[in-house]
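Visitor: I need the structure of the sequence given here:
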Amino acid sequence: MSKYELFLFDLDDTLFDFRASEEHSFFETLSHFNIVHEIEKIFETYKVESYKLWQLLEQGKISKDFLRTERFQKTMDAHQLESCPIKLSDIYLEHLTQTVHHIDGAEDICEHLSQEARIGIITNGIEFVQHKRLAQSPLKKYVDFVVVSEECGYAKPHAKFFEHTMDKGKILSKDSVLVIGDRLETDILGANDFGLDSCWFNPHGKAFLESHALPKFNVACLSEIKDF
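Guide: Residues are numbered from 1 along each chain as shown. All right, here's what the predicted structure looks like:
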């Protein structure tokens, strides 16, 4: 029997394969606007700009609405394209809500853990997108509650995000919670600073460079969680 009564999973790149969904949705968006040349280069630019803006969002320096359009504005500017960033963003997010790919073993581990504990989702994604994607997923039946940064007003790793999670999940003891996520700088650091145990999902064998973010467990595949 596990000592944990609640497992808090990050969603993108932990349970959902966001990279696959992002790529599919982006190319479908370009196709919608008849952008057919150098689409791979455009996508690489978009990923760089989006990542930089997500970092600023997590630091509380920009808003979610600004991020949604600015990443397309910067991408279009870099490639001297004139498509409207607002329309691009709207079409992209609509495709994203319909595109759900799972990380290998996601459903199996959720089913396994749900037999003896509760499961919560904690994500910095866009609220309506995350809820729509989860609604289409077989994982939904195992999830007790969902916390999205846009809904609570703070993003991981901010302590207020985890305070909101504790309140929403009616969690009384921090010792009974395990946070599972793929990003050291948000999932693991946020859990550390708030006093929660954490598990780093590290399928690509990334080097451990974040000395201030210390996971209690480190797994390369989700099934390894069963071992502890």
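
Visitor: any idea which helix or strand of this structure has the worst average confidence?
Guide: helix 149-152 (a mean of 89; mean pLDDT, DSSP states H and E).

Visitor: Following element in sequence after it, please.
Guide: The first helix or strand that comes after helix 149-152 along the chain, using DSSP states H and E, is helix 159-168.

Visitor: The next helix or strand after that following helix - contacts with which helices or strands?
Guide: Downstream of helix 159-168, the first helix or strand assigned by DSSP H and E is strand 177-181. Here strand 177-181 touches strand 6-9, strand 197-201, going by 3 or more C-beta pairs under 8 Å, 6 or more residues apart in numbering; DSSP states H and E. Any C-beta I mention is one placed from the backbone N, CA and C, and that applies to glycine too.

Visitor: Relative to residue 122, tell me which of those strands wins on proximity.
Guide: strand 6-9 (5.0 Å; C-beta to C-beta).

Visitor: What helices and strands are in contact with the least confident helix or strand of the chain?
Guide: Against helix 149-152 (3+ C-beta pairs under 8 Å, 6+ apart) you get helix 159-168.

Visitor: For the helix it packs on, buried residues please.
Guide: 161, 162, 164, 165, 166, 168 (16 or more other C-beta atoms under 10 Å).

Visitor: returning to what we had before: pick the most deeply packed of the helices and strands packed on strand 177-181.
Guide: strand 6-9 (a mean of 25; mean count of other C-beta atoms under 10 Å).

Visitor: just to revisit the earlier point, save the helices and strands packed on strand 177-181 as a markdown table, and put in distance to residue 89 and mean pLDDT too.
Guide: As requested, the helices and strands packed on strand 177-181 are exported to a markdown table (distance: least, C-beta to C-beta, whole Å; pLDDT from 0 to 100):
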| stretch | distance to residue 89 | mean pLDDT |
| --- | --- | --- |
| strand 6-9 | 27 | 97 |
| strand 197-201 | 28 | 97 |
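
Visitor: got those as TSV, with distance to residue 107 columns?
Guide: Listed next are these as TSV, based on distance: least, C-beta to C-beta, whole Å:
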stretch	distance to residue 107
strand 6-9	12
strand 197-201	15
